[in-house]
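Engineer: With the input below, show me the fold.
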Amino acid sequence: MRHGKSDWASASISDFDRPLNSRGIHDVKRMGNYIIKNNLVPDLLISSPAFRAISTTRLVSENFLKANKKFQEIQTCKDFYSMGFNEYVERIRQVDDSIETVMIVGHNPKLEDLVDYLISENSITSESIVMKTATIVVASFQDSWSTLDRQILNLENYVTPKKLEVK
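Structural biologist: Numbering: from 1, shown residues only. Predicted structure coming up:
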């Protein structure tokens, strides 16, 4: 998941410390409800430490424990803010195999690069995946997290806040 829409109202706030704007908060809460209604609640959530990503993580996961007793925790990974998509891959490879599902909250262009790298070309739809704010990509694979590699994931779903408005 990409973080929700951030607030650019104050030029004095650093990029790292930018909060979500009202639309971002609204969209993230809707996506959290979508995740719960569709039984997509992860066992583990790993987030960038940037304020807008942590805010997204907290808002989207407000009711996760009620929906999935296996939901364990929220972790932050400093590399998700400052480094490239390779750090996302390396962090995911470190997940213990007792964890079945992982949710990542991060930033573009790294998330689009991650999706391009991990999703099998055989499962890509005619629609290109653009990670606009609050977008969720759901993908699966059957192996150990440590084996995560190029084009190993199967695309299951791709949801944007705008797509939810259409339904």
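Engineer: Quick one: the helices in the chain, in order.
Structural biologist: Per DSSP state H, the chain carries helices over the ranges 22-37, 51-60, 64-67, 79-82, 85-93, 110-118, 161-166.
Engineer: ranking the ones you listed by burial, who's on top?
Structural biologist: Among the helices of the chain, ranked by average contacts under mean count of other Cβ atoms under 10 Å, first place goes to helix 51-60 (a mean of 22). All C-beta atoms are positioned from the backbone trio N, CA, C, and that covers glycine.
Engineer: Gln151 - how many residues pack around it?
Structural biologist: The local packing of Gln151 (other Cβ atoms under 10 Å) involves 14 other residues.
Engineer: before we move on, what about Glu100?
Structural biologist: Counted by other Cβ under 10 Å, the residues lying close to Glu100 total 11.
Engineer: returning to what we had before: any chance of the helices of the chain in CSV, plus mean pLDDT?
Structural biologist: As requested, the helices of the chain are exported to CSV (pLDDT from 0 to 100):
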stretch, mean pLDDT
helix 22-37, 96
helix 51-60, 96
helix 64-67, 82
helix 79-82, 91
helix 85-93, 92
helix 110-118, 92
helix 161-166, 83
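Engineer: Looking at those, which is nearest to Ile13?
Structural biologist: Counting by Cβ to Cβ, Ile13 lies closest to helix 51-60 out of those; the figure is 8.8 Å.
Engineer: and the closest one, what does it pack onto?
Structural biologist: On a contact count with 3 or more Cβ pairs under 8 Å, 6 or more residues apart in numbering; DSSP states H and E, helix 51-60 meets helix 22-37, strand 44-47, strand 73-76, strand 102-105.
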